[in-house]
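> build me a model from this:
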Amino acid sequence: FSEEEVNMWMTGLTWLMTDTQRAPAPQQTDRWLRKQFEVMDRNHEGSVTVKDVKALLPQINFRVPNMRFLKDKLQEVEARSDLTYPNFAQLYRTLMFDSQKTVS
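Coordinates of the predicted model:
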């Protein structure tokens, strides 16, 4: 690589890091959530299974009280056996919002 190319890459990467650090919390959450979805969507079909989502929940420190609870939440976001990103994001927000209400 030439010195000019290295400098362009460094400038671009520095800008991206600064942009990410200055992004509002909701935007950072959306980026993180999208990344989690893409990791679970191994086939790149644009959807994830309920099983995948259930496996993710303990990793984000969310304990599902029982399967009925999860099924009810899935119905709230109109998700079936597979979740698209909008369903997944809505489920995440619903679970996190409801858990914050119970903590308050």
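> which SSE is the residue positioned nearest the centre of the chain in?
With distances taken as CA atoms, centre = their mean, the chain has Leu33 as the residue nearest its mean C-alpha position (1.6 Å). Using DSSP states H and E, the element containing Leu33 is helix 25-40.
> ok, now Leu83?
Counting by DSSP H and E, Leu83 is found in strand 82-84.
> give me the helices and strands touching the worst-scoring helix or strand of the chain on mean pLDDT, please.
For the chain, counting by mean pLDDT, DSSP states H and E, helix 85-103 ranks last in confidence among helices and strands (a mean of 79). Helix 85-103 sits against helix 25-40, helix 67-76, with contacts defined as 3 or more CB pairs under 8 Å, 6 or more residues apart in numbering; DSSP states H and E. The way it works is simple: take the backbone N, C-alpha and C, and place the C-beta from them, glycine included.
> redo these as JSON lines? Include distance to Ala89 and mean pLDDT.
Formatted as JSON lines, the helices and strands packed on helix 85-103 follow (distance: least, CB to CB, whole Å; pLDDT from 0 to 100):
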{"stretch": "helix 25-40", "distance to Ala89": "6", "mean pLDDT": "90"}
{"stretch": "helix 67-76", "distance to Ala89": "13", "mean pLDDT": "89"}
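> looking at the ones you listed, spot the one closest to Thr14.
helix 25-40 (18.0 Å; CB to CB).
> run through who's touching that closest one.
Contact with helix 25-40 is made by 20, 23, 48, 52-53, 56, 85, 88-89, 92, as judged by CB atoms under 8 Å, 6 or more residues apart in numbering.
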